[in-house]
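>>> structure for this input, please:
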Amino acid sequence: MDVKTQSLRDTPPAAQTARMGESWGGFVWFIIKLLLAVLAFRVFVFSPFSIPTESMLPRLMTADYLLAAKWPYGISRHSLPFDLPLPDGRLFARTPERGDIVIFKHPVDGQDYIKRVIGLPGDRVAVVNGEVLLNGEALRREALPALEVPMSPNTLCGSADVVRTAEGAEACRYTAFRETLPGGPSYTVLDLGTVPGADTFAEVTVPPGRLFVMGDNRDSSLDSRFEAAAGFGVGLVPEDLLVGRATIIVWSTDGSADWGNPLSWFSAARWNRIGNLL
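Alright, predicted model coming up:
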């Protein structure tokens with residue numbers, strides 16, 4: 001039996017045009033579906049964030065890149081990767097737990113901030129001589145050995161002491177404590193000594209729908225101890241400004257890479273941080 005084949009040249013012009021139109025239409029529809037899938041992933045599942053400051057040392061370092069889970073606290077217009085004039089409020093809203101590391105929009109300038117939740121609605125929070133009091137009781141605080149953080153272009157010592165390690169490299173030495181919240185969450189906090197404005201905070205009661213947040217690097221964090229102002233403190237953060245919960249570090253670099261030297265890309269990576277759960 002003879003089998004006849006038909007080439008594009010044998011196809012009538014009108015049919016050729018229709019097929020090409022279907023092909024382009026299918027490709028455009030594929031791109032639209034891909035974009036919608038990416039958008040849905042960023043809105044409902046995970047979204048990437050980078051750490052720009054040392055306010056959450058030692059848990060998070062400048063130039064850590066992490067994924068934030070978007071679903072734990074509900075979905076709002078702040079879950080979108082761009083601003084749209086949508087109504088305020090959250091769908092499937094849930095209040096964070098004490099100790100969660102949360103990402104939220106600054107109440108004034110709308111920038112992304114990351115801090116640890118210390119006080120929930122109804123809690124009374126104060127700071128006395130650098131120690132946090134929650135509902136009238138000081139949080140358990142245990143002294144740790146001095147913490148040394150290697151210096152690099154992405155890690156500056158600020159007011160910390162600069163020391164030499166056994167290998168001869170420079171490092172930032174911090175006084176460190178293990179702080180524990182009611183219910184068990186514990187984490188390391190840093191203390192640079194007496195810092196006016198940071199070590200004393202008169203007791204406040206956290207109102208409904210608000211959170212009291214602090215950075216782990218206590219004397220280098222503009223958080224709920226400071227009135228909300230653009231580029232400054234965040235005050236008592238509205239829960240409706242929550243974006244997500246920090247989940248896992250997916251990349252980290254000390255900033256020493258030379259983009260013209262691919263080998264330095266690997267030597268600059270902080271491999272011991274990649275994959276750390278938060």
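>>> residue 204: how many residues sit nearby?
17 (other CB atoms under 10 Å). All C-beta atoms are positioned from the backbone trio N, CA, C, and that covers glycine.
>>> an error on my part: the question was meant for residue 120.
Neighbourhood size, residue 120 [other CB under 10 Å]: 17.
>>> below-threshold pLDDT in the stretch 1-150 of the chain: ranges please.
The stretch 1-150 of the chain contains residues with pLDDT under 70 at 1-22, 25, 27, 30, 33-45, 81-87.
>>> what about the strands in it?
Here the stretch 1-150 of the chain has its strands, by DSSP state E, counting those that start in this stretch, at 46-50, 64-69, 101-105, 112-119, 124-128, 131-134, 137-138, 140-150.
>>> quick one: residues contacting residue 171.
Listed by CB atoms under 8 Å, 6 or more residues apart in numbering, the contact partners of residue 171 are 148-151, 162-165.
>>> mind giving me the ChimeraX command for buried ones among those residues?
Buried residues among the contacts of residue 171 (16 or more other CB atoms under 10 Å), as a ChimeraX selection:
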select :148,149,151
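>>> and the two most separated of the contacts of residue 171?
149 and 164 (13.6 Å; CB to CB).
>>> now the helices for the chain?
For the chain, applying DSSP state H gives helices covering 13-44, 262-267.
>>> who does residue 173 form a beta bridge with?
residue 148, residue 161 (DSSP bridges).
>>> what's the distance between it and residue 232?
28 Å (CB to CB, to the nearest Å).
>>> I'd say residue 249 and residue 68 touch.
No. Counting by CB atoms under 8 Å, residue 249 does not reach residue 68; the two are 11.2 Å apart.
>>> the residue nearest to residue 53 when sequence neighbours are not counted and residue 152, how far apart?
Once flanking residues are discounted, residue 53 sits nearest to residue 62: 6.2 Å by CB to CB, 6 or more residues apart in numbering. Separation of residue 62 from residue 152 (CB to CB) stands at 9 Å.
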